[in-house]
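Visitor: sequence and predicted model, in that order:
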Amino acid sequence: MQHESTLQTELLHAEKLAGIGSFAAGIAHDMNNPLQLILGLAENLTDETDLEAVHLQAQEIIEAVKRTTAICRDLTSYSRRASLRQDCLIGLNGKLDEALKIARYAVALQDIDIRKVYQPDVVVKGNPDELLHVFVNLITNAVQAMEHHGTLTLETNAIADAAQVRVSDTGSGIAPELLGRIFDPFFTTKPPGKGTGLGLYNIKNVIHHMNGTIGVESQVGRGSTFTLTFPSESGAGERSTHS
């Protein structure tokens, strides 16, 4: 069992690193803009004699550096080995928002209508890095299924003794004969080079580790909804969680 757990951790990490390759264009764009600004301001400073102007341009350089630092921090959080962090309470709303920030490097979100239907203070217990990967993967898949045009709906609910997350899209849907296979390792409907076939397999393993379940409803041409259900953590609000 220990060997199987170690293997699953390695597969999860390998798939995350492979996925970062698809982020390359978005990362390059987001880092190039502030870097070009820094270069231009630095060139201006070489000839600037007005002390007030020097201070203003220096402040703009500081803000641009902070933006690039934030990008590096996001990616470091996403790519680190999940096993390095212990299970703790996780606020689902904040973690979904964090996943949206990461997913935008992989897929274009500007033409997607994003609906958030969040219930306040919905928390679960688990590994925050693993859950972040689950949400990034589901959001990325949803946007790709819509071919970058449609509505992405993110929902959180606390029901009875459970916490639920739903990720819904208005995309192409999944054929009924494929629904039973989508969580199998190395099964993918994406073109060669566009997917490892480990995404949903890893998601299922992470959710099972959290004593949760995952279900999917889909109609071809109308979209899909993935529902994640976890044991609830009563008595703790999102403000007291670690992420």
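Guide: Done, it's in.

Visitor: show me the domain layout of the protein.
Guide: The chain is divided into the following domains under automatic domain parsing: 2-13+15-79, 87-240.

Visitor: make a markdown table from the ones you listed and add mean pLDDT and mean neighbour count to it.
Guide: Using the backbone N, CA and C atoms, a C-beta is placed for each residue, glycine as well. Listed next are these as a markdown table, based on pLDDT from 0 to 100; neighbours: other C-beta atoms under 10 Å:
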| stretch | mean pLDDT | mean neighbour count |
| --- | --- | --- |
| domain 2-13+15-79 | 79 | 14 |
| domain 87-240 | 85 | 18 |
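
Visitor: got the end-to-end distance for stretch 158-176?
Guide: For stretch 158-176, the separation between the terminal residues is 29 Å (C-alpha to C-alpha, to the nearest Å).

Visitor: quick one: distance of the top helix by length along the chain to the chain centre.
Guide: In the chain, with assignment by DSSP state H, the single longest helix is helix 51-79. Averaging C-alpha positions (C-alpha atoms, centre = their mean, to the nearest Å) puts helix 51-79 23 Å from its chain's average.

Visitor: ramachandran angles for the residue nearest to the spatial centre of the chain?
Guide: With distances taken as C-alpha atoms, centre = their mean, Val136 lies nearest the centre of the chain, 2.3 Å away. Recorded main-chain torsions at Val136 are phi -60, psi -40, according to degrees, to the nearest 10.

Visitor: I'd say it and Leu75 touch.
Guide: No. Checked against C-beta atoms under 8 Å, the pair Val136 and Leu75 is beyond contact range at 11.2 Å.

Visitor: which neighbours do the two have in common?
Guide: Ile102 (C-beta atoms under 8 Å, 6 or more residues apart in numbering).

Visitor: in the protein, which spans are strands?
Guide: For the chain, applying DSSP state E gives strands covering 88-91, 112-117, 123-126, 150-159, 162-168, 213-219, 223-231.

Visitor: pull the residues that contact the third one.
Guide: Yep, that's strand 123-126 we're talking about. Residues beyond strand 123-126 that count as contacts (C-beta under 8 Å, 6+ apart) turn out to be 87-92, 131, 163, 206, 209-210, 212, 230-233, 236-238, 241.

Visitor: contact partners for Leu35?
Guide: Residues in contact with Leu35, defined by C-beta under 8 Å, 6+ apart, are 64, 68.

Visitor: quick check: the gap between it and Ile71.
Guide: Distance check for Leu35 against Ile71: by C-beta to C-beta, to the nearest Å, it reads 11 Å.

Visitor: please apply the same query to Ile112.
Guide: Going from Ile112 to Ile71 by C-beta to C-beta gives 20 Å.

Visitor: cool, Gln110 as well?
Guide: Here the criterion is C-beta to C-beta. By it, Gln110 lies 17 Å from Ile71.
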